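Engineer: Quick one, fold the following:
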Amino acid sequence: MKRQSSFTDTSETKGSKGMQHGARSVRLTVAQAIVKYLQVQHSEWDGQTRRLVPAMFGIFGHGNVVGLGQALDQADGRLRFLQGRNEQSMVHSAAAFAKASRRRATLACTASIGPGSTNMITGAAGATINRLPVLLFPSDYFVTRRQGSVLQQLEHRTSADVSVNDCFRVVCQFFDRISRPEQLLTALPEAMRVLTNPEETGAVAISLPQDVQAHASDYPARFFEPRTWSIGRRRPDERSISDAATLLAKASRPIVIAGGGVLYSDAEDALASFTSQFSLPVAETFAGKGSIQSDSWQLLGAVGLEGTAAAKQIAETADVVVAVGTRLTDFTTGSQSLFQHPEVRVISINVCDRDAHKLGALAIVADAREALNALAEACQAKGLKPQPDYQAEVIRIRNQWFAELDGALEDNSGEAMSQGQVIRTLNEHVQAGDTVVSAAGTSVGDLCKMWEATNRRGCHLEFGYSCMGYEIPGAIGVRMAQPAGEVYAFLGDGTFLLNPGDIAVAFQEGLKVTAIISENHGFQSIRRLQMSRVGRPFGNEFRSRINDRLEGPYLKFDLTKVAEGLGAVTFSAKTPEEFREALKRARLETGPCVIVCETEPHRYLPGAGVWWDVAPPEVSDSSELREIRAQYERDQATLQKYYS
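Structural biologist: The predicted model follows:
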């Protein structure tokens with residue numbers, strides 16, 4: 001027999017205490033009110049409406065099991081509950097779901113007081129940095145204080161009302177602590193507003209004291225009526241569009257840099273139309289990978305530190321840079337060293353005012369699609385035309401890069417397959433609608449360089465926070481947002497060992513994700529940086545201890561057994577042919593899969609040649625390191641620029 005839910009009209013009363021005469025009210029606990037409210041929130045974008053928060057991840061403890069836990073149980077599936085294995089991972093899954101949903105939907109997360117809640121802070125920081133909406137309900141200490149100091153409580157010396165949850169204030173776009181039930185009437189609508197505001201969106205945290213979750217109040221019934229939050233398109237200012245078109249009309253070497261804002265705005269067609277009309281070369285950031293869906297001569301690939309040499313050569317001589325939907329961080333700009341033309345000007349299209357003004361840019365604060373369409377019209381009126389000589393140069397440089405890349409992917413006798421060969425094989429295997437997810441280490445950089453994110457072959461790269469441990473929960477979030485196609489998590493063995501438990505989430509939910517582990521025996525991306533800035537390796541590879549240093553043979557792990565024990569179907573591959581066969585077999589499976597690929601530790605793809613500001617020590621007893629420092633200082637003085 002189906003149990004009776006208190007979320008029905010039978011719980012409504014008239015004239016309850018605190019309500020206006022004749023107004024209907026619903027008596028609910030704080031937790032029940034949150035769950036009931038989330039069930040009827042929707043977003044609307046270009047006429048399409050969908051649930052804003054269709055599910056909630058959670059790990060229960062004494063701080064939330066009788067609050068939100070009871071409320072979710074009572075909701076009887078009207079707000080789907082997903083059982084997490086790691087609080088940080090829950091937030092990663094929510095952020096990936098939001099990104100795959102192009103910021104029109106997200107997931108909520110609940111955790112118990114103390115470490116359960118603070119475990120979510122890393123995920124919250126990543127979501128805010130990447131401009132992705134997530135909704136967090138960290139549990140908090142008792143408001144009543146009758147209990148005295150409680151388990152997991154931080155006792156601050158000078159501020160009795162401070163809890164560990166105050167850490168969320170720094171990494172969230174909106175934070176509130178609910179000390180009385182009626183505060184939800186303002187806190188929840190403000191949370192929804194921030195989640196659906198493209199300029200302000202990021203992590204939202206509503207801190208819920210353990211006792212308050214169970215406190216009841218009479219809420220207005222209208223508070224739980226369905227509500228739709230419209231996500232608008234901000235139109236550009238006519239003057240800024242005109243000024244930008246004037247700059248472009250005078251430019252001889254323009255380049256367009258496409259960021260994640262192109263995808264969030266559904267502006268791919270507008271970008272393709274604008275750049276093809278005027279024959280403008282395009283480079284992509286990590287978040288903007290896939291902004292151009294055709295493999296035309298204009299696409300230079302990734303730009304910046306982990307970009308292509310072709311993008312670097314064109315960008316460093318560009319006189320006008322049109323940045324669309326990008327935060328222009330150091331990996332994209334080479335720590336402000338990439339654009340070397342003496343009179344370079346940046347035109348920045350961004351819905352966020354702060355981002356639009358970076359690098360002294362001519363700012364166009366607007367939705368990317370609206371701005372690109374307006375800019376195309378204005379450029380046509382200003383007489384901007386394709387430049388055949390520049391086009392020929394771009395094609396020549398682009399072809400040089402591909403030839404260099406092909407050479408780097410050849411077999412080396414006596415070596416394991418390279419990570420680049422793994423990615424090339426995956427490129428050959430994937431189909432339209434498939435998506436690859438990555439976040440940290442050499443894997444995300446190599447994907448940014450050579451992944452063919454064209455013809456609906458998705459690429460989901462989290463590199464705003466470069467967060468190890470994002471890949472598998474991120475793939476789960478992507479899978480939840482897009483049921484069709486394969487979803488691949490591409491990660492290194494270091495990331496996998498950090499947090500393999502989310503395979504159990506995919507197994508429990510029957511979610512088909514395939515994790516591809518590049519087993520290169522350590523944190524090789526940091527070793528590579530270490531060698532270039534210090535000159536010798538230390539502490540980054542998985543080696544046994546010998547003579548009191550970690551310099552012995554590589555440790556031998558059986559990662560397939562770890563994954564198999566968590567519910568995955570597993571495969572091993574030591575050659576591209578074996579990997580190709582594993583991909584074919586994994587595609588036939590219906591649950592999570594893991595493919596472990598043995599890869600050569602110190603073989604990397606060709607670098608872009610972009611400088612990065614990572615300073616070697618000023619003082620050292622090594623002559624080699626002193627020369628590395630001297631070269632760094634010369635580079636900093638000659639390459640790095642300030643913009644105003």
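Engineer: what about stretch 506-515, how long is it end to end?
Structural biologist: Distance across stretch 506-515, first residue to last, is 11 Å (C-alpha to C-alpha, to the nearest Å).
Engineer: Next, the buried residues of that stretch.
Structural biologist: Using 16 or more other C-beta atoms under 10 Å as the test for burial, stretch 506-515 gives 506-507, 511-515. Any C-beta I mention is one placed from the backbone N, CA and C, and that applies to glycine too.
Engineer: from these, which two are the most distant?
Structural biologist: With C-beta to C-beta as the measure, no two of these lie farther apart than F507 and T514, at 12.8 Å.
Engineer: list residues touching both of those two?
Structural biologist: Overlap between the contact sets of F507 and T514, as judged by C-beta atoms under 8 Å, 6 or more residues apart in numbering, is given by P592.
Engineer: got the buried residues of stretch 506-515 as CSV, with pLDDT, distance to T599 and secondary structure columns?
Structural biologist: CSV is the format used below for those (pLDDT from 0 to 100; distance: C-beta to C-beta, whole Å; DSSP: H, G, I helix; E, B strand; the rest coil):
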residue, pLDDT, distance to T599, secondary structure
A506, 97, 23, helix
F507, 98, 26, helix
L511, 97, 26, coil
K512, 98, 24, coil
V513, 98, 20, coil
T514, 98, 17, strand
A515, 98, 15, strand
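Engineer: ok, the residues you listed vs K641, which is closest?
Structural biologist: For the buried residues of stretch 506-515, with K641 as the reference and C-beta to C-beta as the criterion, the closest is A515, at 40.8 Å.
Engineer: sec struct for the closest residue to I129 other than its chain neighbours, please.
Structural biologist: Spatial nearest neighbour of I129, chain neighbours left out: G464 (4.4 Å); criterion: C-beta to C-beta, 6 or more residues apart in numbering. Three-state call for G464 (DSSP: H, G, I helix; E, B strand; the rest coil): coil.
Engineer: Thought D330 was touching G464, still the case?
Structural biologist: No: the pair formed by G464 and D330 falls short of the contact definition of C-beta atoms under 8 Å, at 11.5 Å.
Engineer: can you list the domain ranges for the protein.
Structural biologist: When the chain is parsed into structural domains using automatic domain parsing, the resulting residue ranges are 9-230, 238-402, 414-598, 614-644.
Engineer: In CSV: those domains, plus distance to L605.
Structural biologist: Shown next, in CSV, are the domains of the chain (distance: least, C-beta to C-beta, whole Å):
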stretch, distance to L605
domain 9-230, 24
domain 238-402, 9
domain 414-598, 5
domain 614-644, 19
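Engineer: Nearest to G607, out of these?
Structural biologist: When those are ranked by proximity to G607 (C-beta to C-beta), domain 238-402 comes first, at 7.6 Å.
Engineer: give me the number of residues near M417?
Structural biologist: A total of 25 residues lie near M417 under the criterion other C-beta atoms under 10 Å.
Engineer: same question but for K385, I mixed them up
Structural biologist: What K385 shows, counting by other C-beta under 10 Å, is a neighbour count of 12.
Engineer: What of the one 3 residues further on?
Structural biologist: Other residues lying near P388 total 9 when counted by other C-beta under 10 Å.
Engineer: Check D406 too.
Structural biologist: Neighbours of D406 under the rule other C-beta under 10 Å: 10.
Engineer: With T308 instead?
Structural biologist: T308 is flanked by 31 other residues according to other C-beta under 10 Å.
Engineer: can you check G407 too?
Structural biologist: Burial of G407 is recorded as 9 neighbouring residues (other C-beta under 10 Å).
Engineer: do the same with V394
Structural biologist: V394: 24 surrounding residues under other C-beta under 10 Å.
Engineer: Find the nearest non-adjacent residue to it, please.
Structural biologist: Here the residue nearest V394, using C-beta to C-beta, 6+ apart, is P281, at 4.7 Å.
Engineer: Quick check: phi and psi on the residue positioned nearest the centre of the chain?
Structural biologist: Nearest residue to the geometric centre of the chain (C-alpha atoms, centre = their mean): E462, 3.7 Å. With angles defined as degrees, to the nearest 10, E462 sits at phi -100, psi 100.
Engineer: thinking again about what came up before, what separation do you get for the residue nearest to I129 and P236?
Structural biologist: Taking C-beta to C-beta, to the nearest Å as the criterion, G464 is separated from P236 by 24 Å.
Engineer: picking up where we left off before, now the residue nearest to the centre of the chain: how far from P226?
Structural biologist: When C-beta to C-beta is applied, the distance between E462 and P226 equals 32 Å.
Engineer: Next: L405.
Structural biologist: Taking C-beta to C-beta as the criterion, L405 is separated from P226 by 52 Å.
Engineer: now V422
Structural biologist: Distance of V422 to P226, computed by C-beta to C-beta: 47 Å.
Engineer: Tell me who's in contact with P54.
Structural biologist: For P54, the set of contacting residues under the criterion of C-beta under 8 Å, 6+ apart consists of 79-80, 105, 107.
Engineer: From these, keep the buried residues only.
Structural biologist: Buried subset of the contacts of P54 (neighbour count, 16+ other C-beta under 10 Å): 79, 105, 107.
Engineer: Just the buried positions in the helix or strand encompassing T186, please.
Structural biologist: Per DSSP states H and E, T186 falls inside helix 184-195. The neighbour-count criterion (16+ other C-beta under 10 Å) identifies 184, 187-188, 191-192, 194-195 as the buried residues of helix 184-195.
Engineer: Which of these sits closest to G126?
Structural biologist: G126 lies nearest to L195 out of the buried residues of helix 184-195, by C-beta to C-beta, at 15.8 Å.
Engineer: Give me the pLDDT for the closest one.
Structural biologist: Looking at L195, its pLDDT reads 98.
Engineer: Nearest residue to it in space, ignoring adjacent ones along the chain?
Structural biologist: Spatial nearest neighbour of L195, excluding adjacent residues (C-beta to C-beta, 6+ apart): P133 at 4.1 Å.
Engineer: all helices of the stretch 101-250 of the chain, in order?
Structural biologist: Secondary structure of the stretch 101-250 of the chain (DSSP state H, counting those that start in this stretch): helices located at 115-118, 121-129, 168-171, 184-195, 210-214, 238-250.
Engineer: Nearest to A582, out of those helices?
Structural biologist: Judged by C-beta to C-beta, the one of the helices of the stretch 101-250 of the chain that comes nearest to A582 is helix 121-129, at 30.1 Å.
Engineer: which helices and strands does the closest one pack with?
Structural biologist: When contacts are defined as 3 or more C-beta pairs under 8 Å, 6 or more residues apart in numbering; DSSP states H and E, helix 121-129 packs onto helix 87-100, strand 134-140, helix 168-171, strand 203-209.
Engineer: With mean neighbour count, distance to V65 and mean pLDDT as extra columns, can I get these in JSON lines?
Structural biologist: Shown next, in JSON lines, are the helices and strands packed on helix 121-129 (neighbours: other C-beta atoms under 10 Å; distance: least, C-beta to C-beta, whole Å; pLDDT from 0 to 100):
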{"stretch": "helix 87-100", "mean neighbour count": "29", "distance to V65": "14", "mean pLDDT": "98"}
{"stretch": "strand 134-140", "mean neighbour count": "29", "distance to V65": "9", "mean pLDDT": "98"}
{"stretch": "helix 168-171", "mean neighbour count": "18", "distance to V65": "21", "mean pLDDT": "98"}
{"stretch": "strand 203-209", "mean neighbour count": "27", "distance to V65": "12", "mean pLDDT": "98"}
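Engineer: Dump the ones you listed to TSV, plus distance to L359.
Structural biologist: Formatted as TSV, the helices and strands packed on helix 121-129 follow (distance: least, C-beta to C-beta, whole Å):
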stretch	distance to L359
helix 87-100	25
strand 134-140	28
helix 168-171	25
strand 203-209	26
